Structures are given as C-alpha cells and as structure tokens.
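**Student:** coords please:
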Amino acid sequence: MSNTICLLPGDGIGQEVVPAAVAVLNALDLGFATETHPIGWDCFEATGSALPDTTLAAVATHQVALFGATSSPTGGAAGYNSPILALRKQLNLYANVRPVKSLANGLSRADIDMLIVRENTEGLYVRQETATADRAEAKRIITREASFRIGAYAAKEAAKRRGVLTITHKANVLVKTDGLFLEAATAGAQSVGADIEINTRIVDALAHDLVMYPERFDVIVAPNLYGDILSDLCSGLVGGLGVAPSGNIGDTHAVFEPVHGSAPDIAGQGIANPTATLQSLAMLLTHVEQHAASQRLQTALSTTFADGILPRDLGGSADTNTFTAAVIARL
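**Tutor:** Numbering: from 1, shown residues only. Okay, here's the model as predicted:
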C-alpha cells in the first residue's frame, strides 16, 4: 500500500465534506499525500464517464480511497452507471462495513455499538433486470463462495469485539437463494475457529428488534440488499445519515465513504455535516494501521459533541468549516 490516499469528492456535498476530512488529516500530520480524482454525475456530464479509467487506475495503484458522494438521475441515464458500484466490482470490495455507535451528549439512543457487515458484490445489486410494458424482473445472484467469504469476514470482526454474530436471511420464503446464503455464511463463520456466538435471524424480525433493542446486537452479517436497508435503519438510531460512516473492503483495496448521498438541496451552502466523512476517515486510518490517530480523531469528535458544538442536522448551528475547526482544535 502506498503512502497516498485517493480523494474522490464526487458531487454535491461530497465537494465540501471531503475537504473537511483532508483538513483533519493534515492536522493529524501523519505524512500521507493525497490525490484528487474526478468521479460521479458531474464527471459523467463533462467527460462521458462516471468513473474515468485514470480514476480507477489511481485507486487500484494506491489501494485506499476516501469517497464523498455522487448524484444519480432517477430512472437512470443512457450510458451512466453508478461509479461506487463499479469500484466495488472492479476492485472486488466484497465487504461493506458500517459501524453504528451511539453519539456523546445524549444525541442518540444510548448503549448502541454494532457493526453491520454486508455482502457487497452480488444479490439484487448485480443489476440484471428485464422489462416489458407490463412486467419487470430482476435476477438475484447468491453464490456459495461470496456468502462463505462474507460470513468468515464477519466472524473475524466479531472476534475483535464482543464475540456475538447474527446472520440474517429470509430463507423461510426465499428457500434457494437465502437458504444458500444462510448455509454458506454460517459455514464461513464457523471456519474461522473463533470463540464467538453465532445466531441466525429472519430479516423482518431482526428489523423489529433493531428498533426495539439495538443495544443487544454486536455484529450483523447480511446479503447485499438487506444490509443496505438495515444499516440505514440503524443510522437513524444514532443521529441519522449525517453521522454514518462505511467502508468497502477487499483483500487488497478499500474505499471509505459516508453513507449519505450528495444532498443537492443543501449543496454549496457550506452547512453539510462532515461527521460521517470524518468517521469514515477514522475507519480508513484504522485500516492502514494508524490506530492511535484513528482513536484521536474519534475522541476529538466525541469531545466536540459533548461540548455542544453541533451541525445543523443534529440541532446545532455549526456550519461545515466551524465544526471541522472545532474537531481539529480538540485533536
């Protein structure tokens, strides 16, 4: 892995929150270089590609990237493909990892500390759809290899934490596809040989319990679509999408990104909450084994919240630059 982090700001507030993360990274003074590369809808309109070959090559070379957000036209556009989905596929970023943790100062539900691990390469997100005027179909792909791999990944993460893994599925209805995911993910988790508790839950029952009793859960592993939905649900328990980080992680490459979108309604106003991007930066630092710096950043964020300095979506008045400066002051 090189000493350069690729920056992929993208569209909308991605152009505001990624620079905030760079300011924090510079304040940490870890010696990393950065390179900024185009990606997203604006890039597509300008060049005809949402993920230029030069951008993909840079991420492939440097192996780690911080992604902002991209806009996607509802209903699609001819020739446009989601660049983050393309990055996941091209670089085999098979694990989508989304921490969910309570914020300081009573800003969220208390005592929540979980990790949602989502299979990131298949399921319905293979985007194999057909349609006539009156009927549309989507193909759902579940393979033993990918399901085993994500079960093993989740088990390793559970072993680092409280040692409780929940595998979620809908095998009572989708007997073949979710049945295979459940079987293979369980085998993958067991293959790790860690001393962890492995539970299985039907996804709709799990969604209920995540709202009612989120503090009970540690690591959850899910097929692609279920993990996408459940992780957004859980972000609502701890402050919303503005504080939700994520990582797309493979064996050799990783792209970290806030869960929120490009937020065109507030883009350009300087009021976006950079917390999700700063937490994604903390995940990136842990990934490159800068553990002390990651902890410094997380502590500075918690102290900023505890001191009552809050972005607007959390009930405060701090704009992007003010909040970022407050975090830097507490590093």
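**Student:** where exactly do the strands run in the stretch 151-300 of the chain?
**Tutor:** Using DSSP state E, counting those that start in this stretch, the strands found in the stretch 151-300 of the chain span residues 164-169, 197-202, 219-222, 245-249, 254-258.
**Student:** quick one, which of these is packed in tightest?
**Tutor:** Of the strands of the stretch 151-300 of the chain, the one with the most neighbours on average (mean count of other Cβ atoms under 10 Å) is strand 219-222, at a mean of 29. In short, each C-beta sits where N, CA and C put it, glycine included.
**Student:** I'd like the average pLDDT over it.
**Tutor:** Strand 219-222 shows a mean pLDDT of 98.
**Student:** Tell me which of the strands of the stretch 151-300 of the chain sits nearest to Val59.
**Tutor:** Nearest to Val59 among these is strand 254-258; the distance by Cβ to Cβ comes to 6.8 Å.
**Student:** Distance check, Glu289 against Arg296.
**Tutor:** 14 Å (Cβ to Cβ, to the nearest Å).
**Student:** So between these two, which is more surrounded?
**Tutor:** Comparing Glu289 with Arg296 by other Cβ atoms under 10 Å, the one with more neighbours is Arg296, at 18 against 10.
**Student:** Leu331 is in contact with the more buried one, correct?
**Tutor:** Yes. Shown here, Arg296 and Leu331 form a contact pair, counting by Cβ atoms under 8 Å, at 5.6 Å.
**Student:** what sits in contact with each of the two?
**Tutor:** Applying Cβ atoms under 8 Å, 6 or more residues apart in numbering, one finds that Arg296 and Leu331 are jointly contacted by Leu28.
**Student:** mind listing what the helix or strand where Leu124 lies pairs with, with the direction of each?
**Tutor:** For Leu124, the host element (DSSP states H and E) is strand 123-131. According to DSSP bridges, strand 123-131 has the following sheet partners: strand 136-141 (antiparallel).
**Student:** Tell me if I'm right that Ser294 and Gln279 touch.
**Tutor:** No. Counting by Cβ under 8 Å, Ser294 does not reach Gln279; the two are 9.8 Å apart.
**Student:** which one of the two has more residues nearby?
**Tutor:** Ranked by neighbour count (other Cβ under 10 Å), Ser294 and Gln279 place Gln279 first, with 24 against 20.
**Student:** Setting aside sequence neighbours, what's the nearest residue to that one?
**Tutor:** Of all residues beyond its chain neighbours, the one nearest Gln279 is Pro245 (3.6 Å), with distances taken as Cβ to Cβ, 6 or more residues apart in numbering.
**Student:** Specify the beta-bridge partners of the most centrally placed residue in the chain.
**Tutor:** The residue lying closest to the centre of the chain (Cα atoms, centre = their mean) is Ser246, at 2.2 Å. Ser246 has these beta-bridge partners by DSSP bridges: Glu257.
**Student:** Per-residue pLDDT of it, please?
**Tutor:** On the pLDDT scale, Ser246 gets 97.
**Student:** Give me the neighbour count for the closest residue to Glu129 other than its chain neighbours.
**Tutor:** Leaving out its chain neighbours, the residue that sits closest to Glu129 by Cβ to Cβ, 6+ apart is Ala138, at 4.8 Å. When neighbours are defined as other Cβ under 10 Å, Ala138 has 12 of them.
**Student:** Check Ala282 too.
**Tutor:** Ala282: 25 surrounding residues under other Cβ under 10 Å.
**Student:** Over to the one 5 residues further on?
**Tutor:** Residues lying near His287 (other Cβ under 10 Å) number 17.
**Student:** Please apply the same query to Ala306.
**Tutor:** 14.
**Student:** for it, what are its contacts?
**Tutor:** By Cβ under 8 Å, 6+ apart, the neighbours of Ala306 are Ala104, Asn105.
**Student:** ok, 10 Å please
**Tutor:** Counting by Cβ atoms under 10 Å, 6 or more residues apart in numbering, Ala306 touches Leu103, Ala104, Asn105, Gly106, Leu107, Arg330.
**Student:** May I have the predicted confidence score for Gly75?
**Tutor:** The predicted structure scores Gly75 at 67 on the pLDDT scale.
**Student:** could you check the distance from the residue nearest to His253 when sequence neighbours are not counted over to Pro9?
**Tutor:** Among residues not flanking His253 along the chain, Leu91 sits closest, at 4.3 Å (Cβ to Cβ, 6+ apart). Distance check for Leu91 against Pro9: by Cβ to Cβ, it reads 19 Å.
**Student:** And the two? Which one has more around it.
**Tutor:** Pro9 (26 against 21).
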